[in-house]
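> sequence and predicted model, in that order:
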Amino acid sequence: MKLPAIRWLAEPTRFAALGRSRARIALGVLGLFLLLSLTALVTVGPPPVSGDPAKRADDQSDVVLYESIVAGVRHGGGYYEVAADALRAGNYPLRPFVTFRLPGLAMVQAHLPRLATMGLLYLLVASVFTVWGMKLRSGMTRWPPVAIGLALLAAGLMAFVQPDLWAFHEIWAGLLVALSLGIYRPNRWIEAVAIALLAMLIRETAALFALVMLAAAWFEGQKREAIGWGVALACLALALGFHAWAVGQVTTATDPASPGWAGLHGYGFFAKSVVLSTALRLLPMALGALLFTLALFGWIGWKDPVAARVAGTLAAFGLAIALFARPDTFYWALMIAPLSLVGLAFAPDGLRDLFRQALDRRRITVTKVVP
């Protein structure tokens, strides 16, 4: 079957190298995940804010909680004492220690004017936009598809330019993860590791990204790079050790504990979380979930050294959200939201290559020549 030769990407996708049988299997897997994405229509969603002051919501969102902690530190309070008081006031759990965010972001924000904090946030957004604009330009054939890719990047950054979310840790960590991926090069990885470490010290769940990068470097034979990612993870482990000790100084056995992280809500909840964290929330949920699945497919197909790492990062967070996230922690998807939709720009080439290979009817005919 002959399909149009117009391409957005500078070279064929990974699917162009598949044999017919494997291409058909890949099409089946894609179809399965498209169907699974529709379970977003029936999976649980974020709980509504309750008006009952006895409940955790208590008209106080997580954003307000973090803002109150920054304000308390700005007025001279110690971070852990202020954080413990704020968590108790909002009926939040204080155990285990990971219910407390690492102190770095709040300490910096407490010592900066609000205007400076917003300036840094928008500078970070602009940096992500710039490095990925250059990355897309190098991997695509002309400007129209680059413009589409940048529009999709902007759609993933919708939540990250909202001034009200300046104190939200996932906003800063998610941007740093996207920036780290954008500047990563196989022979220039130190800057990417350093930025990833900053992300982990803001939100420790960014360690999933570092683990993906470590595994990719190891399997690619980049041993020095793998060691670099390992050192960054060791630094995080050390910071978490001090953090756990400090939390223990301001909490008691009578403080409420977290209900745990065993949501088991599946792929549909992951897709729904991404939809709610990006501009896809403006679309019907079914359409948004399908488009996100196609975006993930596009990332898998793009034949670029960093694309596989982006796809691995999306998959790692997807697995964590599908297995462990609760309805009220859907915002974990903000860690991957900036790049989550860009893969849609690669999906047309991927679909064309996959269908071409799956529908290939070429046969080799052996003719016996009799002298």
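The structure has been received and is ready for your questions.
> tell me where the model's unsure across the stretch 251-371 of the chain.
Flagging of the stretch 251-371 of the chain using pLDDT under 70 yields the residue ranges 361-371.
> all helices for it, in order.
Counting by DSSP state H, counting those that start in this stretch, the segments of the stretch 251-371 of the chain that form helices are 266-277, 285-301, 305-324, 337-340, 347-358.
> residues contacting the longest one, please?
Translated: helix 305-324. Here helix 305-324 makes contact (Cβ atoms under 8 Å, 6 or more residues apart in numbering) with 135, 177, 181-182, 184-186, 205, 208-209, 211-213, 215-216, 261-267, 269-270, 273, 296, 299-301, 330, 332-333, 335-336, 339-340, 343, 346. (Each C-beta comes from the backbone N, C-alpha and C, glycine too.)
> now it: buried residues?
306-318, 320-322 (16 or more other Cβ atoms under 10 Å).
> and of those residues, the nearest to residue 13?
Nearest to residue 13 out of the buried residues of helix 305-324 is residue 307 (Cβ to Cβ; 9.4 Å).
> quick one, what contacts residue 171?
Contacts for residue 171 were tallied using Cβ under 8 Å, 6+ apart; they are 121, 159-160, 165, 334.
> element containing it, please.
Here residue 171, judged by DSSP states H and E, is contained in helix 169-183.
> now that helix: buried residues?
Across helix 169-183, burial judged by 16+ other Cβ under 10 Å covers 169-183.
> let me know the angle separating it from helix 266-277.
Relative orientation of helix 169-183 and helix 266-277, computed by axes from the mean of the first three to the mean of the last three Cα atoms, to 10 degrees: 100 degrees.
> contacts for whichever strand or helix holds residue 65, please.
Assigned by DSSP H and E, residue 65 belongs to helix 62-74. With contact meaning Cβ under 8 Å, 6+ apart, helix 62-74 is reached by 79, 82-83, 85-87, 89-90, 92, 101, 106-107, 109-111, 164-165, 167-169, 331.
> before we move on, the earlier item: of all the helices of the stretch 251-371 of the chain, which one is nearest residue 200?
Counting by Cβ to Cβ, residue 200 lies closest to helix 305-324 out of the helices of the stretch 251-371 of the chain; the figure is 13.2 Å.
> surely residue 109 meets residue 118?
No. With contact defined as Cβ atoms under 8 Å, residue 109 does not count as touching residue 118 (10.3 Å).
> give me the distance from the helix holding residue 65 to the chain's centre.
24 Å (Cα atoms, centre = their mean, to the nearest Å).
> now do the buried residues in it.
By neighbour count on 16+ other Cβ under 10 Å, the buried set for helix 62-74 is 62-63, 65-73.
> sorry, back to before: more neighbours: which of residue 109 and residue 118?
A direct count of neighbours by other Cβ atoms under 10 Å for residue 109 and residue 118 places residue 109 higher, at 24 against 14.
> please, which helix or strand holds the more buried one?
helix 104-110.
> buried set for that helix?
By 16+ other Cβ under 10 Å, the buried positions in helix 104-110 come out as 104-106, 108-110.
> which one of those residues is nearest to residue 231?
residue 104 (18.2 Å).
> residue ranges with poor pLDDT in the stretch 51-200 of the chain?
Residues of the stretch 51-200 of the chain that meet the criterion pLDDT under 70 lie in 51-60.
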